[in-house]
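>>> Pasted the sequence and its predicted model underneath.
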Amino acid sequence: MARAMSKCGLPSIEEIPLGWLLLRVKDDFRVVGGGTPNAQEIGLDYPIRWATPTDFCDSERSLSRTARGITSQGHREIGKCLVSDYAILISCRAPVGKVALPKQALAFNQGCKGLTPRHGNTRREWFFYALVDQRAQIEDLARGATFSEISSDALKRIVLPGPPNDEQRRIAAWLDLQTHRIDKRRELLAKKRELLRDLKKSAIEEASLRGIATGVQLRESGINWLGKVPAHWQTTRLGSLFREAADRGVEGLPMLSVSLHTGITDKELDDDEMARKVSRSEDRTLYKRVRPGDLVYNQMRAWQGAFGAARIEGLVSPAYVVARPRPAVVPGFVEYLLRSPAAMEEIRRRSRGITDFRLRLYWDEFRNIRIALPPLAEQHEIAAFLDHKLSQIDRQIALIDQLDDLLQQQRKAIIHEAVTGKIDLSAYEPPTQAA
């Protein structure tokens with residue numbers, strides 16, 4: 001049973017079950033802001049754990065660990081903001097609306113807010129699920145010109161329809177059980193996904209570095225990262241197989257990008273992808289033109305395998321390097337070789353930069369990488385073999401992703417139905433915990 005009512009604090013709340021109350025965050029919680037101390041007061045092993053939005057995990061209710069900690073001096077610098085293990089943490093920017101329950105007392109930065117219960121009978125577990133359910137609406141409360149952020153005042157104004165305390169306890173306990181079951185299934189899918197990705201890496205490495213023929217005699221390549229290679233393969237520099245190309249872009253060609261997992265795209269990026277992957281300019285002559293067969297790589301992600309052999313003519317970011325093949329090489333084979341774990345480690349060694357996030361593989365280093373190259377016909381065979389093998393694995397990964405999406409939707413629906421009173425849990429009795 002439900003009765004209609006006006007909106008109350010969040011845009012989506014239009015009705016509540018009979019017997020439920022309007023629960024105001026400001027009445028049940030004290031909102032605490034966070035801060036960031038000087039850099040020298042932040043470290044991996046410092047005693048006071050310090051949370052940021054990156055520590056939150058959508059599939060885990062509890063926040064049991066943080067990447068970094070702060071010193072006692074750092075704690076004093078940020079005004080001694082600390083929440084206990086019975087509070088709620090919510091991310092208020094980058095991103096907005098993630099929620100977690102700390103398993104220990106901890107500090108946090110200004111990207112989070114702490115909700116500390118005002119009363120001993122406040123069921124923080126039920127509030128956790130109610131806030132998770134309302135994440136989209138909480139995101140709508142964020143404001144800001146440079147970046148979106150939800151303020152303490154906006155958090156305090158949130159009003160949630162909620163049942164009496166005893167029913168809150170039943171709902172939270174039932175959701176703990178149901179979400180745990182779903183999360184365990186998702187963990188199994190994640191393990192299967194990771195195994196398949198490892199299988200892809202091993203297939204690429206074995207085929208591109210040792211070939212696909214059986215009983216082939218091996219020899220020492222004389223190249224540290226390669227080790228032994230088929231005796232009939234020739235060692236050469238990439239600069240002997242490719243030349244750098246920097247053709248100016250022209251109007252009418254699609255904008256392409258290089259992915260770590262799938263190589264170069266073969267169609268125009270949509271607006272969302274364009275905003276995320278390239279610095280956009282209306283003048284397409286500022287981009288580099290690629291032709292079918294060109295080997296393209298992202299300088300900053302090359303050490304992670306961001307290579308792709310172009311299948312169509314298009315444009316790429318001027319920050320990319322375009323390597324145009326000479327006649328004696330199959331670009332698709334070299335793409336696979338450079339995406340092998342052994343090659344990525346060699347590329348990482350050759351990339352320049354202060355930190356991993358700033359590493360760049362410049363052309364001068366790329367062209368001096370030495371590889372073992374099979375005869376042209378064998379390059380085609382290996383590339384075709386890997387195309388087929390990896391497409392089979394990718395189909396299995398895509399199926400796992402579909403199942404995972406369904407489980408996420410089921411989890412979201414279960415939480416929504418329970419915290420809005422659409423599931424009758426009046427007869428549910430939570431299991432008693434063993435002493």
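Nice, thanks for sending it over. Numbers count the residues shown, from 1 in each chain.
>>> Is Ala245 bridged to anything, and to what?
Per DSSP bridges, the residues bridged to Ala245 are Val322.
>>> since we're on it, how many residues are nearby?
Summarising burial for Ala245: neighbours were counted as other C-beta atoms under 10 Å, giving 17. No exception for glycine: its C-beta is placed from N, CA and C like everyone else's.
>>> Let me see the contact set for it.
Taking C-beta atoms under 8 Å, 6 or more residues apart in numbering as the definition of contact, the neighbours of Ala245 are 288, 290, 294, 322-324.
>>> Buried residues, stretch 47-61. List them.
Neighbour-count burial for stretch 47-61 flags 48-53, 55-56, 61 (criterion: 16 or more other C-beta atoms under 10 Å).
>>> For that stretch, list the C-alpha coordinates in PDB.
As requested, C-alpha coordinates have been extracted for stretch 47-61 and formatted as PDB (Å, rounded to 0.1, in the frame of the first residue of the first chain):
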ATOM      1  CA  PRO A  47      49.100   5.200  10.600                       C
ATOM      2  CA  ILE A  48      45.900   7.200  10.100                       C
ATOM      3  CA  ARG A  49      44.000   5.800   7.100                       C
ATOM      4  CA  TRP A  50      42.900   8.500   4.700                       C
ATOM      5  CA  ALA A  51      40.100   7.900   2.200                       C
ATOM      6  CA  THR A  52      39.500   9.400  -1.200                       C
ATOM      7  CA  PRO A  53      36.700   8.700  -3.800                       C
ATOM      8  CA  THR A  54      39.100   6.300  -5.600                       C
ATOM      9  CA  ASP A  55      39.000   4.000  -2.600                       C
ATOM     10  CA  PHE A  56      35.200   3.400  -3.000                       C
ATOM     11  CA  CYS A  57      34.100   0.200  -4.700                       C
ATOM     12  CA  ASP A  58      30.600  -0.200  -6.200                       C
ATOM     13  CA  SER A  59      30.500  -3.900  -5.400                       C
ATOM     14  CA  GLU A  60      31.600  -3.600  -1.800                       C
ATOM     15  CA  ARG A  61      29.500  -2.100   1.000                       C
END
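>>> List the contacts of that stretch.
If you take C-beta under 8 Å, 6+ apart as the criterion, stretch 47-61 is touched by 34, 42, 63, 65-72, 74-75, 82, 89, 91, 93-95, 98-102, 104, 106-109, 111-112, 128, 176, 179, 183, 186-187.
>>> The same query, at a cut-off of 6 Å, please.
Contacts made with stretch 47-61 from outside it, assessed by C-beta atoms under 6 Å, 6 or more residues apart in numbering, are listed as 66, 68-70, 75, 91, 94, 98, 100-101, 106-109, 111, 183.
>>> and it, how far out from the chain's middle?
Per C-alpha atoms, centre = their mean, to the nearest Å, the displacement of stretch 47-61 from the mean C-alpha position of its chain is 15 Å.
>>> Same question for stretch 400-408.
Going by C-alpha atoms, centre = their mean, the spacing between the C-alpha centre of stretch 400-408 and its chain's C-alpha centre is 16 Å.
>>> which of the contacts of Ala245 are buried?
Burial by neighbour count, 16+ other C-beta under 10 Å: within the contacts of Ala245 this picks out 288, 290, 294, 322-324.
>>> follow-up on the earlier one: now the contacts of Ala245 as a markdown table including distance to Asn368 and pLDDT?
Supplementary listing: these in a markdown table, determined by distance: C-beta to C-beta, whole Å; pLDDT from 0 to 100:
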| residue | distance to Asn368 | pLDDT |
| --- | --- | --- |
| Lys288 | 22 | 94 |
| Val290 | 23 | 96 |
| Asp294 | 20 | 97 |
| Val322 | 18 | 97 |
| Ala323 | 13 | 97 |
| Arg324 | 17 | 97 |
